[in-house]
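A.B. asks: What follows is a protein structure lacking sequence information:
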């Protein structure tokens, strides 16, 4: 694996000028200079926001305020922005930094200004009744899938809410019932009954997959005049072959 090439301030400025003054696209620049499109967009954002100073490498550890951290995490959880779009928007140095903030937030640990340390406060998983789980799931869905707020309001963990909602979307209320003793019940079933259950499960999963594919295709179609299909598929981690297959059908 080749190490990433280090670009000087002058090199960055010269490359961006090709885009700004000579109307060469980001995609074309990426091929000409062997720089990823995401990196080029970061440079462009910094230049447009802070001028030429934005292209200079910082000699000190970059600090982030708790407001920036929270905004970046909430943007990610909203589903409106991709991971890479958030890195550019908030000028976050690396993907691992953002992932760490998301992990802290999902674990109910308070995000603080860089250098202030971390809080160990965390809402742990707790036992719930099936009625509670159904009520929590419905509340989460009604609040636009705000897992974090739902978890706090009901004194359960983020992971519990996320898991229950995922199960509910596949199999409805019955998926939220206590599964203890389920294996014994399945052992008494005939092969035909087991196959029927498996088929229903596969149908649900296929339905979810079709919905996901339709969403990505619609999104790409909406923005294809602004970004290339190749770039959007790469950012969304959506296979181009699947995109064209769904589109043609």
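C.D. replies: Here it is on my side, so go on. Given the structure is predicted, the values throughout are model-derived calculations rather than measurements. Residues are numbered from 1 along each chain as shown.
A.B. asks: Who are the packing partners of the lengthiest helix in the chain?
C.D. replies: Across the chain, the helix with the greatest residue count (assigned by DSSP state H) is helix 191-223. Under the contact criterion of 3 or more C-beta pairs under 8 Å, 6 or more residues apart in numbering; DSSP states H and E, helix 191-223 touches helix 158-171, helix 229-236, helix 240-248. Quick note: C-beta positions are derived from backbone N, CA and C, even for glycine.
A.B. asks: Between those, which one is closest to residue 84.
C.D. replies: helix 229-236 (5.5 Å; C-beta to C-beta).
A.B. asks: hmm, back to that, select, out of the helices and strands packed on helix 191-223, the one closest to residue 48.
C.D. replies: With C-beta to C-beta as the measure, helix 229-236 is the member of these nearest residue 48 (19.0 Å).
A.B. asks: three-state assignment of residue 81?
C.D. replies: coil (DSSP: H, G, I helix; E, B strand; the rest coil).
A.B. asks: just to revisit the earlier point, is it possible to export the helices and strands packed on helix 191-223 to CSV including mean pLDDT?
C.D. replies: Output for the helices and strands packed on helix 191-223, formatted as CSV (pLDDT from 0 to 100):
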stretch, mean pLDDT
helix 158-171, 84
helix 229-236, 87
helix 240-248, 86
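A.B. asks: which one of these lies closest to residue 211?
C.D. replies: Of all those, helix 158-171 sits nearest to residue 211, with 9.7 Å by C-beta to C-beta.
A.B. asks: List the buried residues in the closest one.
C.D. replies: For helix 158-171, a neighbour-count test (16 or more other C-beta atoms under 10 Å) marks 158, 160, 161, 162, 164, 165, 167, 168 as buried.
A.B. asks: I'm done for today, thanks for sticking with me.
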